[in-house]
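Participant: 3D, please:
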Amino acid sequence: MSINLKFIDLTSMLTIDSTYVEGLINLHKGDIALGAGDYISYDLPDGNVTKQYEDLRIDTYVTKADPIPSSFGNTLASLTKVYEASELEPSPESILNDNYVYHILCEILDPNGQLKETFTLPIEKTLDAWVVTIDNDTIPKLLEKLGPGLSTIKLRVMESEYYKSSPRVIIPLEIRPANWIH
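Facilitator: Down below sits the predicted model:
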């Protein structure tokens, strides 16, 4: 059954709405902070023992964050701005405990600073942490593009339904040959 709007008298309707809302209402996406280790090393396999490459596992910590207060207060620009890491104060409350699958944009740069690979990887729960994993099938192709030396990994949690994207975290990646003496 459809109603034709031509026959409804809108002049007699009240301007008061009967909508009732209770609780915290967020009209803008929240800020998040990404934490990860400050240095990653990857040991190449010894060709005499095994030729199997290991997964590259990066432990991540994603929490709600609050902008560091300024003298301007909350403006529309401050609510929609994507802040740098130095402008956010992380809270202890993780956003990864809900049922939403968050993804990380992972950019990998060679020792010369040239972008060599970009991945979008899910953040997965393990027994002891939340991790991002570059699998052992991808590693040999990646290492061939990077070459020896100190490379760079840039990580950023991608925007979701309720949160802005996180500030970028930059981590050095050391690729060490087999039988590296620690």
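Participant: mind checking the longest helix of this protein?
Facilitator: helix 139-146 (DSSP state H).
Participant: show me the strands in the chain, by range?
Facilitator: Using DSSP state E, the strands found in the chain span residues 31-36, 40-43, 56-67, 88-94, 103-109, 115-122, 124-125, 130-134, 149-157, 169-176.
Participant: turn those strands into CSV, including mean pLDDT, mean neighbour count and distance to Thr75.
Facilitator: Any C-beta I mention is one placed from the backbone N, CA and C, and that applies to glycine too. Below are those laid out as CSV (pLDDT from 0 to 100; neighbours: other C-beta atoms under 10 Å; distance: least, C-beta to C-beta, whole Å):
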stretch, mean pLDDT, mean neighbour count, distance to Thr75
strand 31-36, 92, 21, 15
strand 40-43, 89, 16, 38
strand 56-67, 91, 18, 11
strand 88-94, 90, 13, 17
strand 103-109, 96, 18, 28
strand 115-122, 94, 13, 32
strand 124-125, 90, 12, 37
strand 130-134, 92, 18, 33
strand 149-157, 94, 18, 25
strand 169-176, 92, 16, 27
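Participant: out of these, the one nearest Thr80 is which?
Facilitator: strand 31-36 (10.7 Å; C-beta to C-beta).
Participant: what angle sits between that closest one and strand 169-176?
Facilitator: Strand 31-36 and strand 169-176 are oriented at 20 degrees to each other (axes from the mean of the first three to the mean of the last three C-alpha atoms, to 10 degrees).
Participant: and the angle for strand 31-36 with strand 56-67?
Facilitator: Using the same axes, to 10 degrees: strand 31-36 against strand 56-67 is 150 degrees.
Participant: ok, what's across the strand from the residue nearest to the spatial centre of the chain?
Facilitator: In the chain, the residue lying closest to the centroid (C-alpha atoms, centre = their mean) is Val157, at 1.0 Å. Taking DSSP bridges as the rule, Val157 bridges to Ile104.
Participant: now it: how far from Val132?
Facilitator: To Val132, Val157 is 10 Å away according to C-beta to C-beta, to the nearest Å.
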